[in-house]
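Student: Attaching a predicted model along with its sequence, questions to come.
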Amino acid sequence: MAFDGNIWVKLRRPLSDWEKTQHLKVGAPVSASARPGHSVFDINDIFLEMSDVMFLERGVITWGGPWLLAGAFMLLDFCYFAFTTPPLGDRQVKK
C-alpha cells in the first residue's frame, strides 16, 4: 500500500475498466477547445499542462493580502490617534 496524499492505494494491482477509460492518451487531443477550468492543453510522458480556474484568485490573495493588511493597519492606526488623543483643556503651560 502507498499513500498518495489523499487515499491509500494498493501497488501493482490490475486496473479496473473504469480506470482504463479515464487514462489520457499521449499525443491525442482531449477536446476540440479549451474550457475555462481544468482543461488539458498538452500531455507527454513527463508533463500534463492544464488550465487552472483559481489561478487569478490565488494570486490576488497571495500578493494583495499583505497590502490589504498593511492598509487596514494604517487606517486603524490613524483612527486610533485621530479620535483618542486627549484634549488640552485646562492643562496650559504655566509661566
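Tutor: That came through, no problem.
Student: got a list of what the closest residue to residue 50 other than its chain neighbours touches?
Tutor: Closest residue in space to residue 50, ignoring its immediate chain neighbours: residue 40 at 4.8 Å, by CB to CB, 6 or more residues apart in numbering. Where you see a C-beta, it was placed from the backbone N, CA and C, and this is true even at glycine. By CB atoms under 8 Å, 6 or more residues apart in numbering, the residues touching residue 40 are 24, 30-31, 48-50.
Student: out of the residues you listed, which are inside strands?
Tutor: Within those, residues falling in strands by DSSP state E are 48-50.
Student: Pick out whichever of those residues sits closest to residue 80.
Tutor: Nearest to residue 80 among the ones in strands among the contacts of residue 40 is residue 50, at 47.8 Å by CB to CB.
Student: related to what we said a few turns ago, list only buried entries from the ones in strands among the contacts of residue 40.
Tutor: Buried residues within the ones in strands among the contacts of residue 40, counting neighbours by 16 or more other CB atoms under 10 Å: none.
Student: could the residues you listed be laid out in TSV, adding distance to residue 18 and pLDDT?
Tutor: Below are the ones in strands among the contacts of residue 40 laid out as TSV (distance: CB to CB, whole Å; pLDDT from 0 to 100):
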residue	distance to residue 18	pLDDT
48	20	74
49	25	76
50	21	73
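Student: any idea which of those is closest to residue 63?
Tutor: Distances from residue 63 to the ones in strands among the contacts of residue 40, taken by CB to CB, are shortest for residue 50, at 22.6 Å.
Student: my read: the closest one touches residue 24, true?
Tutor: No. With contact defined as CB atoms under 8 Å, residue 50 does not count as touching residue 24 (10.2 Å).
Student: follow-up on the earlier one: for the residue nearest to residue 50, grab phi and psi.
Tutor: Main-chain dihedrals, residue 40, degrees, to the nearest 10: phi -90, psi 120.
Student: And residue 41, by the same measure?
Tutor: Residue 41 adopts backbone torsions of phi -90, psi -40, taken as degrees, to the nearest 10.
Student: Thanks a lot, catch you later.
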